[in-house]
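> Here's a sequence, model it:
(2 chains)
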Number of protein chains: 2
Amino acid sequence: MSGSPRPRLVMKFGGTSVATVERIKNVAQHVKREVAAGYDVAVVVSAMSGKTNELVGWCNEASPLYDQREYDTIVASGEQVTSGLLALTLTSIGIKARSWQGWQVPIETSAAHGSARISAIPSKNLDDGFAAGEVAVISGFQGIEPLSGRITTLGRGGSDTSAVAIAGAIGAERCDIYTDVDGVYTTDPRIVPKAQRMDRIAFEEMLEMASLGAKVLQVRSVELAMVHKVKTYVRSSFDDPENPNPGTLICDEEDIMEQQVVTGIAYSKDEAQITLRDVADRPGVAAAIFVPLADANINVDMIVQNISADGASTDITFTVPQAEFQRAKDVIDKARKDVVCDNVETNMDVSKISVIGIGMRSHAGVAATCFQALAGRGINIRAITTSEIKISVLIDAAYTELAVRTLHTLYGLDKA
Amino acid sequence: MSGSPRPRLVMKFGGTSVATVERIKNVAQHVKREVAAGYDVAVVVSAMSGKTNELVGWCNEASPLYDQREYDTIVASGEQVTSGLLALTLTSIGIKARSWQGWQVPIETSAAHGSARISAIPSKNLDDGFAAGEVAVISGFQGIEPLSGRITTLGRGGSDTSAVAIAGAIGAERCDIYTDVDGVYTTDPRIVPKAQRMDRIAFEEMLEMASLGAKVLQVRSVELAMVHKVKTYVRSSFDDPENPNPGTLICDEEDIMEQQVVTGIAYSKDEAQITLRDVADRPGVAAAIFVPLADANINVDMIVQNISADGASTDITFTVPQAEFQRAKDVIDKARKDVVCDNVETNMDVSKISVIGIGMRSHAGVAATCFQALAGRGINIRAITTSEIKISVLIDAAYTELAVRTLHTLYGLDKA
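Down below sits the predicted model:
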């Protein structure tokens, strides 16, 4: 019938992009454009915004300690509705389409209900659909555990992960993540009006941005894209479907011609600081603190421990999300029987500012100029951690916006 | 581990019985009672009331001529939520339970999306669940077409059919249909306060009651129960779970000791009458009228044609649901090129009253006393049809309540 196979494309639409039938019709126009451009398209959809919360609310009302397997069955129904509605909307405008639930594709996952990991996506069914000229409309966020045959979910925001994994499985040319912003910015435009949309960002940088509160993409999906080399775009479903912006490409470092030293400034106000003063400095002390926190499933972020000055005691500081602060404090209070320390200080009124850029690896002095600039504004740095491509500082929350603006200008990120 | 297998029971709960999480908790108490009584229980649930309408509304908004296969996928999500919520509620009160979607059981159906028929229910999965001491919470109304692997639905009210079919498949001792009324009444208690709840009613009588507007049970489910000899109870989920009423048993005629001559009076106001006057009486004329109506998928109910007086022409009267009247009228107007008739009369202002009872088969004079009693009240009978166990008359709608009350008293059905 035809010559070479058509290139493949994954398009993912989140909850706000499919919030109403009207919006779903708009999504269908975006899909239509790509089909007309010659792609075999797989669309991945989230639940209509608000629906997942409604379903989770019912689970909690029925039983606060709900059976996670039933939770998955209940919550997965949200995406089922959206995939069906988009498929019938596409059909109604003359585009062959059919919906696929996780168990139908199948998207095979582990049995870790509520936060399952994708283990395999056999592409036969989707291949057959493409051969028949059908758009595949796939429910994101969900899969099936093959042994039990039960519905699983990937955890909140898992639809991004579904999209990237499917793109890898079907060998898609790229994966477009449609959201309510038109790309990744050098920082939050609500704080810095001069923030710029980036054309490209490296996977590693995006990982840091995502994990630092720039909630455009789920961290897991970026990891997956990086491992499977899936070219991923972040773009807006609110653009004119006839003439959309290209968005931001998340790609390999090598694909970025002119790497900036610093590509973005991220911040997080959702931090609570816990400092243990004069901890007896002996082997195993860090484990005695952080193993109980891990056992309690508390997400520890920054960890700062300095070289002990006197060889006898040191200070250990770490941060946790504010919602987990009280639980973390309880764990630490209990751990004090194993951890000799002078006292425990806490501070809820802090925020974390991060400077991110792959170029840092080959440029000296980035950290120094950062600290200098903040000092110049009278901003006190409470703690510092660094990685190869990131510098994070903990400061008083009141200075958040000032610090972000200062650093954005400092590294030449302001729009002309 | 144990001796003889436990008896099995199917319990079905409709939309109003699971309308909120609060109501679902109440349903769980009913299930708990039966588990304690020693049954292996399969529960069949509908969607929370209102949810199916919301989902159907979205389908219509997306595309008035929607793809029926996607419609099924979308609408089936409603039951998925309820089965999950009930399963986790049961688990939370210490009763082992798991949810089953149609595709998981599997409930295998035909490919007639939107009104699929159940073809097979392999009981292996449910058997294994019972052996493990689990209550099976099954989404009603839905199934899977095995070849395509797609979700099907059985048509509205199909959950009753699911319940009876599952009862047949697992060899249940009985099937309890929980609804918002506590049984089947001799007539509508809103019209006749003296209407009585029946302890038992024969399948054949229930079929006539159901098809005549007593909307307690879906006709298909009664047919299925009759064929597979499933003892089916209609009872109320609003009863005290600790001490519920037994409801009405729908059973074989032989299981009813003292058969009444007349067991119930049904009525339907949803009638539109069409009469063709002086139709040329020759072979094929009835087909020329009713085949086009069937082709247009119009549900013709009463059909009355009398012996032609002059051998040349006759009158033909039939009724259709009021919602289908205009379409029926259009079909007839087109058919008049093949059907020579004098004129077509129509009347929307009619209702149908039916007297039902298996005992009629062996008792003469039931019809005569009916006509006499109506005449005594000055009620004009426009048309009559009868079956072995039913007499239906078409009257002016204004007399509906008077006719029902008159006949209810006439046949000794009033509560003492």
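> hey, let's count contacts and neighbours off CA atoms from now on
Noted.
> I'd like the average pLDDT over the single longest strand found in chain A.
When chain A is parsed with DSSP state E, its longest strand is strand A:264-280. For strand A:264-280, the mean pLDDT works out to 90.
> Let's see it as CSV, backbone CA atoms only.
The C-alpha coordinates for strand A:264-280 follow below in CSV (Å, rounded to 0.1, in the frame of the first residue of the first chain):
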residue,chain,number,x,y,z
GLY,A,264,18.0,28.8,35.0
ILE,A,265,17.2,29.9,38.5
ALA,A,266,14.8,27.7,40.5
TYR,A,267,13.3,28.2,43.9
SER,A,268,11.3,26.4,46.5
LYS,A,269,9.4,27.9,49.3
ASP,A,270,8.2,24.5,50.5
GLU,A,271,11.2,23.9,52.8
ALA,A,272,11.6,23.3,56.5
GLN,A,273,15.0,23.3,58.0
ILE,A,274,16.2,21.0,60.8
THR,A,275,19.7,21.5,62.4
LEU,A,276,21.3,19.2,64.9
ARG,A,277,23.9,21.2,66.8
ASP,A,278,27.1,19.7,68.2
VAL,A,279,26.4,16.1,67.1
ALA,A,280,29.0,13.7,68.4
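> For that strand, which strands pair with it and how are they oriented?
Paired strands of strand A:264-280, with direction, are strand A:313-321 (antiparallel), strand A:343-356 (antiparallel) (DSSP bridges).
> Can you check which of the ones you listed gets nearest to residue A:259?
Taking CA to CA, strand A:343-356 is the member of the strands paired with strand A:264-280 nearest to residue A:259, at 12.1 Å.
> pull the CA atoms of the very next helix or strand once past the closest one into CSV?
Sequence-wise, the next helix or strand downstream of strand A:343-356 (DSSP states H and E) is helix A:366-376. Only the C-alpha atoms of helix A:366-376 are listed here, as CSV (Å, rounded to 0.1, in the frame of the first residue of the first chain):
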residue,chain,number,x,y,z
VAL,A,366,30.0,30.6,39.3
ALA,A,367,29.4,29.9,43.0
ALA,A,368,31.6,32.8,44.1
THR,A,369,29.7,35.4,42.1
CYS,A,370,26.4,34.0,43.4
PHE,A,371,27.4,34.3,47.0
GLN,A,372,28.9,37.8,46.4
ALA,A,373,25.7,39.0,44.6
LEU,A,374,23.5,37.8,47.4
ALA,A,375,25.8,39.4,50.0
GLY,A,376,25.6,42.6,48.1
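> Buried residues in helix A:366-376, which are they?
Across helix A:366-376, burial judged by 16 or more other CA atoms under 10 Å in any protein chain shown covers A:366-367, A:370-371, A:373-374.
> from the residues you listed, which are also near chain B?
Residues of the buried residues of helix A:366-376 in contact with chain B (CA under 8 Å from any CA of the partner chain): none.
> Who's the closest spatial neighbour of residue A:324, skipping the chain neighbours?
Leaving aside its sequence neighbours, residue A:324 sits nearest to residue A:298 (CA to CA, 6 or more residues apart in numbering or on different chains; 6.6 Å).
> How about the secondary structure of that neighbour?
coil (DSSP: H, G, I helix; E, B strand; the rest coil).
> In the stretch 301-416 of chain A, what residue lies closest to chain B?
residue A:327 (24.7 Å; CA to the nearest CA).
> How many residues are close by that residue?
Using other CA atoms under 10 Å in any protein chain shown, residue A:327 has 16 neighbouring residues.
> so what's the spatially most central residue of chain A up against?
Using CA atoms, centre = their mean, the residue of chain A that lies closest to the mean C-alpha position is residue A:218, 1.9 Å off. Contacts here follow CA atoms under 8 Å, 6 or more residues apart in numbering or on different chains; on that basis residue A:218 touches A:157-158, A:160-161, A:210.
> So which of those residues are in helices?
If you go by DSSP state H, these have A:158, A:160-161, A:210 in helices.
> Chain B: which of the residues you listed is nearest?
Within the ones in helices among the contacts of residue A:218, distances to chain B taken as CA to the nearest CA reach their minimum at residue A:158, with 19.4 Å.
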